[in-house]
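Visitor: Provided below for reference: sequence and predicted model.
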Amino acid sequence: PSVVESREQIETIAAALAKQGVRVLRGSAFRSSNDPYGFQGLGEEGLKLLSETASRHQMLTFSTITDSSQLPLFARYVDIIQIAERNMQNYALLRELARLDKPLVLRRGTSSTIEDTLLSADYLLRAGNQQLIICERGIKTFETYTNHTLDISAIPVIKKLSHLPVIADPSRGTGRRDKVAPLARAAVAAGADGLLVEVHPDPDQALSDGAQALDLPRFAKLTEQLRIIASAVERKL
């Protein structure tokens with residue numbers, strides 16, 4: 001899900017995803033939203049629910065850190081820490097995160113070039129953390145139909161220029177539910193090592209980003225399609 005809303009919500013999603021072979025459960029507990037009136041997350045309680053639910057289903061936890069003050073909580077509850085795009089060039093935060101012995105996901109900034117992204121990655125690598133993943137999540141262009149423009153070409157380019165794994169976020173990259181599946185399929189075909197796909201039992205009632213979330217049946221159908229594409233490009237799902 002985009003955010004952890006309740007115990008019931010995260011359990012429903014985790015149980016369904018585990019049946020599809022999903023190994024990592026993502027959910028935000030601290031939101032850094034442009035909307036001051038929107039849902040801001042459950043904070044530590046959200047991370048605790050995420051951790052407890054993931055443990056029951058033999059999954060790893062994945063969440064986005066927004067401030068260095070959250071480091072002790074993330075060290076306790078989160079297996080894979082994501083660095084939000086707006087913090088991609090927050091070098092002080094990058095150095096602190098690099099000290100943790102945890103995998104880190106660096107999200108490409110909305111106005112950042114591939115070179116900018118790899119330079120930020122170097123901050124983490126040089127500071128001692130070699131467990132780094134790059135996330136292509138879309139960039140700002142003059143196109144307004146989608147939330148961002150998911151740069152599929154960045155996937156093979158980054159894999160050529162670096163040794164780092166690359167995942168793609170077609171949910172945030174498009175902001176439109178009906179475009180998530182096509183872009184997810186394209187990302188796998190382009191060589192992505194993983195996907196971030198937002199899922200919700202009832203997307204129209206989601207407290208955050210429901211417009212870009214798949215319901216559980218749509219996600220199940222997508223995984224079937226991705227298995228075929230992954231096999232065709234000599235990859236595994």
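Guide: Cool, got the structure.

Visitor: quick one: contacts of the strand or helix carrying residue 224?
Guide: Using DSSP states H and E, residue 224 falls within helix 216-232. Residues external to helix 216-232 that are found in contact with it (C-beta atoms under 8 Å, 6 or more residues apart in numbering): 13, 16-17, 20-21, 177, 180-181, 184-185, 188-189, 195, 197, 199, 201, 214, 236-237. To be clear about C-beta, it is placed using only N, CA and C from the backbone, and glycine gets the same treatment.

Visitor: so which of these belong to helices?
Guide: Using DSSP state H to define helices, the subset of the contacts of helix 216-232 located there is 13, 16-17, 177, 180-181, 184-185, 188-189.

Visitor: just those residues now: which is nearest residue 108?
Guide: Closest approach to residue 108 among the ones in helices among the contacts of helix 216-232 (C-beta to C-beta): residue 184, at 17.0 Å.

Visitor: returning to that earlier point: now the buried members of the contacts of helix 216-232.
Guide: Among those, those classed as buried by 16 or more other C-beta atoms under 10 Å are 13, 16-17, 20, 177, 180-181, 184-185, 188-189, 195, 197, 199, 214, 237.

Visitor: tell me, how many residues neighbour residue 14?
Guide: By the measure other C-beta atoms under 10 Å, the count of residues near residue 14 is 23.

Visitor: pipe the ones in helices among the contacts of helix 216-232 into JSON lines and attach distance to residue 165 and pLDDT per row.
Guide: Conversion of the ones in helices among the contacts of helix 216-232 to JSON lines gives the following (distance: C-beta to C-beta, whole Å; pLDDT from 0 to 100):
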{"residue": "13", "distance to residue 165": "24", "pLDDT": "97"}
{"residue": "16", "distance to residue 165": "26", "pLDDT": "96"}
{"residue": "17", "distance to residue 165": "20", "pLDDT": "95"}
{"residue": "177", "distance to residue 165": "26", "pLDDT": "96"}
{"residue": "180", "distance to residue 165": "21", "pLDDT": "98"}
{"residue": "181", "distance to residue 165": "22", "pLDDT": "98"}
{"residue": "184", "distance to residue 165": "17", "pLDDT": "98"}
{"residue": "185", "distance to residue 165": "19", "pLDDT": "98"}
{"residue": "188", "distance to residue 165": "13", "pLDDT": "97"}
{"residue": "189", "distance to residue 165": "16", "pLDDT": "97"}
